[in-house]
Every structure is written in structure tokens, then in C-alpha cells.
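In: output the structure for:
(chains A and B)
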Number of protein chains: 2
Amino acid sequence: MKPLKVALLGCGVVGSQVIRLMHEQAADLAARIGAPLELAGVAVRRLGRKRDVEVDPALLTTDAEALVTRDDVDIVIEVIGGIEPARSLIVAALSKGKSVVTANKALLAEDGATLHEAARQGNGDLYFEASVAGAIPLLRPLRESLAGDRVKRVLGIVNGTTNYILDKMDTTGASFTDALEEAQTLGYAEADPTADVEGFDAAAKAAILAGLAFHSRVTAADVHREGITEITATDVASAKAMGYVIKLLAICARSEDGRSFGVRVHPAMIPRSHPLAGVREAYNAVFVEAESAGQLMFYGKGAGGAPTASAVLGDLVAVARNRLAGTHGPEESTYADLAAHPMGDTVTRCHVALDVADKPGVLARVAELFAKHDVSIQTVRQEGHGDDAQLVIVTHRATDAALSATMEGLRELDIVRAVASVMRVEGDD
Amino acid sequence: MKPLKVALLGCGVVGSQVIRLMHEQAADLAARIGAPLELAGVAVRRLGRKRDVEVDPALLTTDAEALVTRDDVDIVIEVIGGIEPARSLIVAALSKGKSVVTANKALLAEDGATLHEAARQGNGDLYFEASVAGAIPLLRPLRESLAGDRVKRVLGIVNGTTNYILDKMDTTGASFTDALEEAQTLGYAEADPTADVEGFDAAAKAAILAGLAFHSRVTAADVHREGITEITATDVASAKAMGYVIKLLAICARSEDGRSFGVRVHPAMIPRSHPLAGVREAYNAVFVEAESAGQLMFYGKGAGGAPTASAVLGDLVAVARNRLAGTHGPEESTYADLAAHPMGDTVTRCHVALDVADKPGVLARVAELFAKHDVSIQTVRQEGHGDDAQLVIVTHRATDAALSATMEGLRELDIVRAVASVMRVEGDD
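Out: This next block holds a predicted model:
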């Protein structure tokens, strides 16, 4: 049987594992596909560099464009990341009728439309399971297993770095800075941690998930994004005392009327009894709520060379089978064409801690302000007294706009010395 | 666009939900498939019966065989269950080139080979996501997402009835009989609960999972099966006191040398810290350990009309897309052709409680017996004294044969008044 030729773009943490597995599992892969795979070339930035895997030097090239458009190449695997040159290379490959497997969440969230259109025109496959939640099979279940159901909500921990940091803060009482430093020492966070701690990475994944869940086109610009840098050890301790844990969540939720959806990434308090609360260290987990299936959860390693390579190879087997069968997998599905609504329209709940003057009438004035904005209060608790008096309030569900207006109003109240913390509450409805 | 015609076999709990969803989501399904679906007929046992869904009486028929072989039918959905007439009907449909979606775990585990062969010859699809763990996307991830990885072990709670019973026993201290009665009252257990409580249902699912995980042919006869009827409130309480919980597990594990696998269903103690320990009520969850992906978990509703129908409809969309594209999905993969090894070769651990005479030298004689069978002891604890003296022993890992021989030997020791309980321990390696 004629081998299928595979071009690999990138030979870093993921790429080297892809090469190792293609080599070690060659016989299994050939049996599962129905034809052997052959590595046609590996595009790298520098030829002489030491790598984690042995590669025939004759396969290495710095001319990625020539590689992806070579006539004998059937499938291109892109694991270089970033917008350019990844986009141009993927489009070039797809335009020449190749199939592409990519782990590039940033590119898919920024300009997935261009890639999908190129796949459609070239009649090839564009598969990207590895782009969200690493090894966890999540996109294929959303795209295929739930194709006969209506997804209502996706709620997930999709960034391992921030989960590691928040888990350390929760278990050891560490500050954000100390927990980040530990994550950097252990290799869970990069020297410049912005993409992770400011939620950009999770936002790209949220955009991809929302697009699949709601059969609509979603980009990173549609995602409301807040990071975890402002979270203090006090916030974490206070959540803990109330039976909650703080997690950075990616949330994609269909609106009540089904005509739009919200997509957002922000830290939130979730009850300790929620299955996502038990997701420790750098693990990922995603809750999916569908109309008929009910609640589903997917859990596993969200990053790392071997887990990501496992997802890439699963896609590689699928697109290889499709090529042999002369067909392709499901195309991008955007028929529902729903739009993301603004964050203000999102319905959520809030936990607020207020430093207040300890005198009669304070609670009445605070309660009046909530009522004015139509935000109803679920619980209120007074802690300390005198200059240390604090009101801790948890609201019922309201629009984010009403909640924000309430917080604004609280900051202006003379009896409120400071709004010590505001945190959304999720996962208990 | 010409509609794809669907014949439905069975209009019970699942079938009626399939009809409802095909109707309610007709527009979405058509958009996702690329052509509308049309219900061509529904085979039922009795025409006049009241049903949970409105069906055009003209569609109902008692002649299932005529329905599945009708020239205009493209896809057959089988949700009648049992071996016959389901097998003959599915084979008849596949032989005529139809694609089949089935939820029939018993049939797949008994004689999957016949069905797969018929699918291969007819060049149609045989999809069966709903046969294991209801709505949880599990078979597609195993069959496709992990196609580039090597599955080492599958460890799961795949029977909701027994999980409900064991969860009640754990949380309320109820006896097996009382918990079963409650499960029956609530509709979680059938009047004749044998298939569930004796592990037959879980064993069928274990056979299907092992076949997919190890790319080999596995039948229910390969599965070592023990039920939960012998489990006492004392067993449950004793496990609880040690930080364990008892679950009925389906375990498929590749042997160390990779040349065979074990597949078994039996109750086992798992640590409370294990993610499966938190699976409550009638929920299902399955752990998959793969070489590169690491540990993955899938969680959700394992049964019920709507969740099972969700899985059926996901498969329906897939096989419909395949028909439109003139192709079919991955065939049965048995190339690895591994065999199940006997239970005796399985490596596990045991928790044993012995009623012993409270006199010097007892522990030495017991320890000597374990040593004779090459079973090493991890912990031993003496509880009570005098006539109530009990030794509680947890072993290290050993073959099931060695463990069984040790238990046999213990029963014959004069200083052992009774082997009060024996339970395997899983999930802590």
C-alpha cells in the first residue's frame, strides 16, 4: 500500500513527540489507517539545533512553504503556533488540496474563517482537536457525538497554568505572585505569563468551543476576557471559608430565548461540591450541558508534549482514513449564525465584600441600592465591627450590566469605605 | 435535497425520545447533515398501545423485517434490545446496504462479529455509541480521538442501577435489599434486577469497551463477572472507615507485556480521593488511561430515554453524513488480535477481614500463609479482641490466582474462624 506522506511544521515540545509516536507506533497507525504514514519533511527555524527526538537530518528544512506545497505531501501537521507564518502555510497547504491537522488555538480564534474556507475550496480536512484542552477528546464529541443534541452551555477549566496557580493559592494560601513564581519554576508558566494569566489563551479556546457548540462563527474578539492577576490571597481564603473555590472559567452559554449566546473568560467562585472544584494542579476539565444528554464532563491533561501529540495523532489517523476513502470529515458548521451578546446581557451572580462604617442603617442603604438596580440579594453577612466591619453579600441571578451598575453605585455610597472584592459566582444553578 | 429515510425499530423509552427529537430538531438536523431526515416507519410489537410521543399511525407496523429491507429506507435505528429478533433485523438491513445505529449492548457483546461482518459486506455503517454509558461520548473518542495512542486501561462505572444501590448503601448505611427496593421504587432498577445486580449489563459494556480499546474481538464470554448481591452494609461501612468506597467497576487492562488483556466486572474498593469515588446516584463515569494522553475521564448520564436518544441521534447524523458523502466511518478494528487472559492472571490487590482467635502467634501464622503464596502484605490491623478479634489485611499487588489461593488457605487455617469479607482494591496505583 502506498504510504501517505506527512509534512510537519515545528519540532518543539509537541512536534518532537509527534515524530516519536509516528515512529514508535508506525505499525499500529498503519493498521488503523489502512496504509503506512511516512514523514516527508520537518520544517524548523534553525537546522543545527539539538532536539528531543532523533530526526533524519535530510528531512529537516527551513523552507516551510516549499514543504507544505510539495506535490507528494498529503497531510500537513502545524505545531508552530502563532498567527504568521502559520496562517499562510496552512492556507497554502489547504489550497493545494492537502489535509491539515493543527493545534493552533490563537489562529483558529483569530481567523478560523479563512482556514475553513481554504479547506472547503481545497476539498481537504482541517482538524484541530489538540487546540483545546490538549489530550481531552472534546471537539470531536461536540462536533460529532452531540450533533443530534442542542448544547446549552459549556463551562470549563481550559488553561492549566492558571488552574495550577489558583490551586496553589487555594491549598497553601500563597499570594498570586508567589504561586506564579512556583509555576514558572516548575515549567507550568512561561517567563512572560501574559497569555495565560490575562486569559488570552482561555479566550481563544472559548471562541473555538462556542463556535462548535452553537454552530456559529465566533472569534476571540467576541469573548469577554478577565484574567486572574488581581486575585488576592484574601479573596481565595474568603471563598474557601464560604465553601467555594476560585477557578478561571471559560463559559459559553446560549441565551434563554436561544437567539444569541454569551462567551466569556473570567475568574469565578464555584461551590466545592461542583465537579470542576476538584480539578487540581494543571489539569483541565470541561462541563457540557446539552438538552437531551444532560450534564457531561470531560477531564484530562490540557497541555504538554505527549498529551497534545496524542490529540494530533488521533486527528492524523482520521484525516488519513478520509483521504484513503476519498472523502473528508464534517466541514465547519455555522448555519445557526447566532451572534454573541455583550457581557452586560449575560446573566450571572456576584459575591461582594464591602468595607463599611459600623453604624445603624448601613444595611438598609446598601439593600436599597441593590433594589434600585433590580438585583436581589440571596445572603448577607456582617463580619467584624468598628473600623473592620465588612458586609459580605451574595446576589441572586441578574444581568451583568445590572450587577456592574450596582457595584458602581456602591463605590459612590458615603457609608461604603471600599468595595473590597467582587467575584462572579457560577456552577450552582 | 432528497430526504434520507429512517426506519425505527422500537418505540419504548428510547424510541419515543428519538421520534420526539427527530421532530423537534428537524431543521437543525437537516442543516447539520446537509439533507432532511424522514421517518419512514416505526416497527412495534402492538399497534394500539399508548405511547409517550405522537406518531402518525400510518407509520406504525408490526412487520419489522419488511420495514428494514424496504428499498427506500437508508438508515435503520434499532432500540428494541435483546438478541433476537434484533440480530436478524440488523443483519437483514446491513445486507441490503442500509446503515444501522443501535444501542444494543447485549447483542454487540454476544455476537458483534456477525453484525460487523454484515456491515462490511453491505458497505454500510454500524454505529453504537448509545450501547455503552448512554449519553456520554465514549466510543467515538476511543475509536477515533485515541486512534493515534495506545490505551493501557479503561476503568469505569458503566451501570447506573448498581451505582445507585451502592451509593445509597454508602450514604445511608442501608442493606443491599433495602437499597435495591428503593431503586426499584424510583424506577432505577427493574422488577427482575438480575441483569444489573449480577453484572451482566456491565459485562456486555466491558466487552465492547475492551474490543475498541485493544483493537481485538471481545465477547461477553471473555469477561470475568461478579455482581453486588453479596455486599453487606458491614462491607460498605468498613470500606468507609478506611477511606474507601465500594463501586461496581468494569476494568479492561492491557497486560504488562502488552500481549494480552484482562476484562472483568466486579465490586471493588476505591480510595475516596479517586475521581470515580465521587460519581453519585445513577451517573456513569469512565476513566481511560492511554500511553500519551495520560488519564482521561468521561462523566455523564448512563441511561434514560433522552440521554440515550442523544447518543443515537449523534450517530444518526454521522451515518447520514457518510451516506451523503458516499462513504462510511471506521470499520471494526481487530487487527491487534489480542486474547483475554484468564482472571487468575490479572494483577490486583485485596482487602481481607478475618475473624480470628485472639491469641499469640495468630498474625505470624496468617503472615506465613500469605508469604507461602508470594502475596505481600501492605497493612494489617487488629480490631477488637477475644471472640470479636478481627484482622484486617490489605495486600500489595499480586495475581488474582495467588490471592484466591491465599483466601482458600485462610479458610482452612484452624486459627481463622471465618473469612468475613474479601474485596479487591483498585484505583490507587
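
In: what residues does stretch A:75-85 touch?
Out: Applying C-beta atoms under 8 Å, 6 or more residues apart in numbering or on different chains, the external contacts of stretch A:75-85 come out as A:4-10, A:12, A:14-15, A:18, A:43, A:64-65, A:68, A:86, A:89-90, A:93, A:98-104, A:106-107, A:110-111, A:130, A:308, A:312, A:316, A:319-320, A:323. Where C-beta positions appear, they are placed from N, C-alpha and C, glycine not excepted.

In: of the residues you listed, buried ones?
Out: Buried subset of those (neighbour count, 16 or more other C-beta atoms under 10 Å in any protein chain shown): A:4-10, A:12, A:14-15, A:18, A:43, A:64, A:68, A:86, A:89-90, A:93, A:98-104, A:106-107, A:110, A:130, A:308, A:312, A:316, A:319-320, A:323.

In: among those, which ones lie close to chain B?
Out: Near chain B, judged by C-beta under 8 Å from any C-beta of the partner chain, the entries from the buried ones among the contacts of stretch A:75-85 are A:312, A:316.

In: of the buried ones among the contacts of stretch A:75-85, which belong to strands?
Out: A:4-9, A:43, A:99-102 (DSSP state E).

In: quick one: contacts for residue A:199?
Out: A:159, A:162, A:225-228, A:248, A:265-266.

In: from those residues, pick the one nearest chain B.
Out: Chain B has its nearest neighbour among the contacts of residue A:199 in residue A:159, at 17.3 Å by C-beta to the nearest C-beta.

In: show the pLDDT at the nearest residue to the closest one once chain neighbours are set aside.
Out: What sits nearest to residue A:159 in space, not counting adjacent residues and going by C-beta to C-beta, 6 or more residues apart in numbering or on different chains, is residue A:202, at 4.4 Å. Looking at residue A:202, its pLDDT reads 98.

In: show me the contacts for residue A:114.
Out: When contacts are counted by C-beta under 8 Å, 6+ apart, residue A:114 touches A:87, A:91.

In: I misspoke; the intended subject was residue A:196.
Out: With C-beta under 8 Å, 6+ apart, residue A:196 has these contacts: A:159, A:161-162, A:189-190, A:202.

In: show me where chain A has its helices.
Out: A:13-24, A:26-33, A:64-68, A:86-95, A:105-122, A:139-140, A:160-172, A:176-185, A:194-197, A:200-214, A:233-241, A:305-324, A:362-372, A:400-412 (DSSP state H).

In: columns distance to residue B:52 on top of these, output as CSV?
Out: Listed next are the helices of chain A as CSV, based on distance: least, C-beta to C-beta, whole Å:
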stretch, distance to residue B:52
helix A:13-24, 48
helix A:26-33, 41
helix A:64-68, 54
helix A:86-95, 47
helix A:105-122, 40
helix A:139-140, 31
helix A:160-172, 43
helix A:176-185, 52
helix A:194-197, 49
helix A:200-214, 28
helix A:233-241, 44
helix A:305-324, 37
helix A:362-372, 45
helix A:400-412, 39
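
In: which one of those helices lies closest to residue B:254?
Out: Minimum separation from residue B:254 across the helices of chain A (C-beta to C-beta) falls at helix A:26-33, 12.6 Å.

In: quick one: contacts of that closest one?
Out: Applying C-beta under 8 Å, 6+ apart, the contact partners of helix A:26-33 are A:1, A:4, A:22, A:36-37, A:313, A:316-317, A:320-321, A:324, B:147-148, B:150, B:215, B:333, B:335-336.

In: that one: which residues count as buried?
Out: Here helix A:26-33 shows A:28-33 as buried, counting by 16+ other C-beta under 10 Å.

In: sorry, back to before: just the buried ones from the contacts of helix A:26-33?
Out: Applying 16+ other C-beta under 10 Å to the contacts of helix A:26-33 flags A:4, A:22, A:37, A:313, A:316-317, A:320-321, B:147-148, B:150, B:215, B:333, B:336 as buried.

In: now do the helix or strand bottoming out on mean pLDDT in chain A against helix A:233-241, angle only.
Out: Ranked by mean pLDDT, DSSP states H and E, the helix or strand of chain A with the weakest confidence is strand A:377-383, at a mean of 91. If you take axes from the mean of the first three to the mean of the last three C-alpha atoms, to 10 degrees, strand A:377-383 sits at 110 degrees to helix A:233-241.

In: circling back: now, among the buried residues of helix A:26-33, which is nearest to residue B:376?
Out: residue A:28 (35.1 Å).

In: circling back: now distance to residue A:77, pLDDT and neighbour count too, for the contacts of residue A:199, in JSON lines please.
Out: Compiled in JSON lines, the contacts of residue A:199 are given as follows (distance: C-beta to C-beta, whole Å; pLDDT from 0 to 100; neighbours: other C-beta atoms under 10 Å in any protein chain shown):
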{"residue": "A:159", "distance to residue A:77": "23", "pLDDT": "97", "neighbour count": "31"}
{"residue": "A:162", "distance to residue A:77": "27", "pLDDT": "98", "neighbour count": "31"}
{"residue": "A:225", "distance to residue A:77": "29", "pLDDT": "98", "neighbour count": "19"}
{"residue": "A:226", "distance to residue A:77": "33", "pLDDT": "98", "neighbour count": "17"}
{"residue": "A:227", "distance to residue A:77": "31", "pLDDT": "98", "neighbour count": "21"}
{"residue": "A:228", "distance to residue A:77": "32", "pLDDT": "98", "neighbour count": "26"}
{"residue": "A:248", "distance to residue A:77": "29", "pLDDT": "98", "neighbour count": "26"}
{"residue": "A:265", "distance to residue A:77": "28", "pLDDT": "98", "neighbour count": "30"}
{"residue": "A:266", "distance to residue A:77": "33", "pLDDT": "98", "neighbour count": "22"}
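
In: how about those residues in a markdown table, adding distance to residue A:183?
Out: What follows is the contacts of residue A:199, written out as a markdown table (distance: C-beta to C-beta, whole Å):
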| residue | distance to residue A:183 |
| --- | --- |
| A:159 | 11 |
| A:162 | 9 |
| A:225 | 20 |
| A:226 | 19 |
| A:227 | 14 |
| A:228 | 11 |
| A:248 | 13 |
| A:265 | 18 |
| A:266 | 20 |
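
In: mark which of these are part of strands, please.
Out: Secondary structure from DSSP E places A:225, A:248, A:265-266 of the contacts of residue A:199 in strands.
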